[in-house]
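> the sequence and its predicted three-dimensional model are supplied below.
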Amino acid sequence: MNGEQPRAVNGRAPDVFTPGGWTPMREYAESTPVDFLIVGAGAGGATLGCRLAEKGFSVVILEAGPFWRPLDDFASDELAQQTLFWTDDRITGGDDPIALGGNNSGRGVGGSTVHFSMIVLRFRPEWFKSRSKLGYSFDWPISYEELAPYYEEAEEALKVAGPVNYPWGPPRRRYPYRPHEVNAAGLVLARGAEKLGVKWAATPLATVSAPRGKSPPCVYRGFCNYGCSTNAKQSALTVWIPRALAAGAEVRDLAMAARIEIDPRGRATGVAFFRDGALHFQRASNVVVAGYAIETPRLLLNSACPLFPQGLANSSGLVGTHLTTHSGPGAWATFDEEIRWYKGPPNMAVTEHWNYTDDGKDFRGAYAFMSQGPLPMSWAQTVATSRGLWGEALRAEMLKYNHMAGFVPVGETEPRIENRVELADETDQFGLKIPRVVFSYSENDKRLQRHAVRFMSDMLEAAGGYDIWTNYKDTSHLLGTCRMGDDPKTSVVDADGRSWDVPNLWICDGSVFPTCGGVNPSLTIQALACRAADRIETKAAAGDL
Ligand SMILES: Cc1cc2nc3c(=O)[nH]c(=O)nc-3n(C[C@H](O)[C@H](O)[C@H](O)COP(=O)(O)OP(=O)(O)OC[C@H]3O[C@@H](n4cnc5c(N)ncnc54)[C@H](O)[C@@H]3O)c2cc1C
Ligand code: SF4
């Protein structure tokens with residue numbers, strides 16, 4: 001695999017579709033301000049960088065991690081592939097500390113989408129106004145109707161494979177590609193759902209079900225969370241980055257942003273970053289932070305200066321706060337028949353029943369759940385840590401691996417000020433203060449999880465499963481921490497991702513979510529980025545940048 005030497009240098013970048021291949025890349029001088037300097041090449045940063053470059057803006061994207069070539073670099077090996085994850089030191093605290101590692105965020109061009117499970121779902125329309133329409137949490141400063149065309153744009157860009165008629169949400173055009181055939185693990189969900197009388201669907205997935213350009217169709221090997229070595233997966237690395245490069249953007253890999261500099265007028269001038277053993281400074285007319293819900297507030301707080309002693313964009317005191325995660329308590333069962341749940345993408349069937357049904361809930365909020373397909377090492381870890389099984393007992397349990405099926409929800413948690421990312425006193429290898437991530441569930445969050453576990457267990461039983469057991473510790477998708485809003489006193493950025501305090505500082509990633517809803521977030525992140533690009537173009541034309 002690519003070590004720690006930058007690859008995107010000397011006017012070329014890795015060609016993700018060709019073993020050992022290169023593609024031309026424009027390079028910009030550090031001393032001349034580029035129009036947009038984006039920190040982070042993940043779901044938010046790569047999408048925005050592509051769309052802005054295609055509009056003719058000069059764009060440089062700084063990415064802390066490597067620039068992979070999936071065909072060369074990705075092994076079918078759970079251990080070897082740990083390099084995809086952000087594993088730098090982070091401190092985790094609170095009553096329910098969040099595990100931070102391979103289950104959480106990525107590091108590399110493409111960000112967390114390189115190892116994501118490819119589930120791409122839209123938010124329920126009411127969630128954008130959940131305070132006004134559903135009576136809990138916060139309203140977003142935009143509506144579903146404003147985002148709908150960008151959802152469609154992102155689904156088209158990713159060539160999402162999904163059902164002809166998706167049973168939830170407002171009427172919509174059909175998904176670009178036909179759905180994948182549901183695997184046996186997904187058919188367990190389907191069987192249970194039909195017994196309990198709730199709807200289910202083949203999960204809309206960002207891996208192609210038929211050839212697409214240089215992407216072959218998915219071959220159902222199930223290594224999606226450890227890097228897809230065929231390029232069937234439509235990650236930011238294979239979709240937005242090649243387009244961004246072709247449109248003239250520069251992507252600097254292994255470039256760790258350290259600090260955003262501010263001039264005496266309170267405007268950002270550029271970003272200091274480490275690359276190849278040296279500290280550099282790239283000048284920019286606009287800086288966009290897109291580093292994920294932990295690294296984004298960390299960079300803003302680490303950039304405190306005399307004008308903004310509390311950190312950048314933080315006059316509200318809200319940078320880092322209102323952190324949400326999706327709770328993921330699992331329900332698992334044994335079946336007489338062989339399931340072989342590792343075959344295919346890990347989550348091939350879904351029910352959004354409890355996202356769209358509000359009756360019969362003893363909690364506020366929502367959850368979807370999907371069939372599961374953990375690979376052996378990660379399954380052994382789940383069994384060992386949640387049931388304390390070891391040695392012969394663990395071996396006996398692992399012998400059931402091919403007969404197991406189970407469900408995990410994407411459970412909404414309440415955005416609360418006390419759940420936050422803050423700076424610790426300890427520093428990392430660059431001398432930058434590391435983040436401390438503090439999280440506790442509310443009583444409502446716990447009620448939601450108990451409801452999900454009950455319902456999922458009933459469904460497993462209805463599908464013919466037995467020896468059902470559950471585990472409560474897992475989480476996914478950190479969001480919030482720099483939320484968008486209408487009021488500078490109660491939010492960090494406006495509806496376009498522009499910070500209230502520094503007019504040429506923007507945020508474009510999952511940290512701007514005021515609420516997390518009950519679905520995986522990356523499609524909404526990409527739709528917001530597409531919308532932000534259009535809004536920026538309009539503002540530029542009006543002289544408002
Ligand atoms: C195992 C797993 C499965 C998942 N499955 C799904 C799924 O099926 N569907 C879904 O919607 N979501 C899924 N997610 C979550 C999803 O991938 C993320 O929510 C999404 O990618 C976040 O987008 P982002 O732009 O906020 O950050 P990211 O995509 O994580 O991108 C942030 C990038 O910024 C870089 N960066 C950070 N700090 C700096 C710095 N200081 N300097 C330079 N670069 C920096 C990072 O290296 C990273 O590449 C999954 C996540 C995991 C861990
Ligand atoms: S199952 Fe499909 S998407 Fe997943 S790693 Fe294999 S080819 Fe890629």
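Nice, I can see it. Everything numeric in this text was worked out from a predicted model, so none of it was measured. Residues are numbered from 1 along each chain as shown. Ligands and ions are numbered 1, 2, ... in the order given.

> okay, the residue in the stretch 1-150 of the chain positioned nearest to ligand 2: pLDDT?
Of all residues in the stretch 1-150 of the chain, Met118 sits closest to ligand 2, at 6.4 Å by CB to the nearest ligand atom. Glycine gets a C-beta too; all of them are placed from N, C-alpha and C. As predicted, Met118 sits at a pLDDT of 98.

> could you do Asn104 as well?
On the pLDDT scale, Asn104 is placed at 84.

> mind checking the SS state of it?
Secondary structure state of Asn104, per DSSP: H, G, I helix; E, B strand; the rest coil, is coil.

> residues contacting the closest residue to it other than its chain neighbours?
Nearest residue to Asn104 in three dimensions, chain neighbours excluded: Leu478, at 6.6 Å (CB to CB, 6 or more residues apart in numbering). Applying CB atoms under 8 Å, 6 or more residues apart in numbering to Leu478 gives the contacts 98, 104-105, 292-294, 323-325, 437, 510.

> and Phe274, that's in a helix?
No: under three-state DSSP, Phe274 falls outside any helix and is assigned strand.

> just checking, it touches Ala258?
Yes: Phe274 lies in contact with Ala258 (CB atoms under 8 Å); the separation is 6.0 Å.

> find the nearest non-adjacent residue to Ile91, please.
Among residues not flanking Ile91 along the chain, Arg436 sits closest, at 4.2 Å (CB to CB, 6+ apart).

> before we move on, the earlier item: overlap in contacts of Phe274 and Ala258?
Common neighbours of Phe274 and Ala258 (CB under 8 Å, 6+ apart) are Phe430.

> other SSEs contacting the helix or strand containing Val410?
In this assignment (DSSP states H and E), Val410 forms part of strand 404-411. Contacts defined by 3 or more CB pairs under 8 Å, 6 or more residues apart in numbering; DSSP states H and E place strand 404-411 against helix 184-196, strand 324-327, strand 330-334, strand 367-371, helix 443-462.

> neighbours of the residue of the stretch 1-150 of the chain found nearest ligand 1, how many?
As assessed by CB to the nearest ligand atom, ligand 1 sits closest to Gly42 within the stretch 1-150 of the chain, at 1.8 Å. Neighbours of Gly42 under the rule other CB atoms under 10 Å: 35.

> now do Phe281
Phe281 has 15 nearby residues by other CB under 10 Å.

> ligand 1 contacts on the stretch 51-200 of the chain?
Within reach of ligand 1 by CB under 6 Å from any ligand atom, the stretch 51-200 of the chain has these residues: 62-65, 86, 103-108, 111-113, 115-119.

> helices - which of these land there?
Using DSSP state H, no member of these sits in helices.

> can you say which of those residues are buried?
62-65, 86, 103-108, 111-113, 115-119 (16 or more other CB atoms under 10 Å).

> among these, which lie within strands?
Leu62 (DSSP state E).

> residue in the stretch 351-500 of the chain with the shortest distance to ligand 1?
His477 (4.7 Å).

> secondary structure class for that residue?
Per three-state DSSP, His477 ends up strand.

> the residue nearest to it when sequence neighbours are not counted: how many residues sit nearby?
Of all residues not flanking His477 in the chain, His326 sits nearest, at 4.7 Å (CB to CB, 6+ apart). Around His326 sit 24 other residues, with neighbours defined as other CB under 10 Å.

> I'd like to know how far His326 sits from Met484.
19 Å (CB to CB, to the nearest Å).
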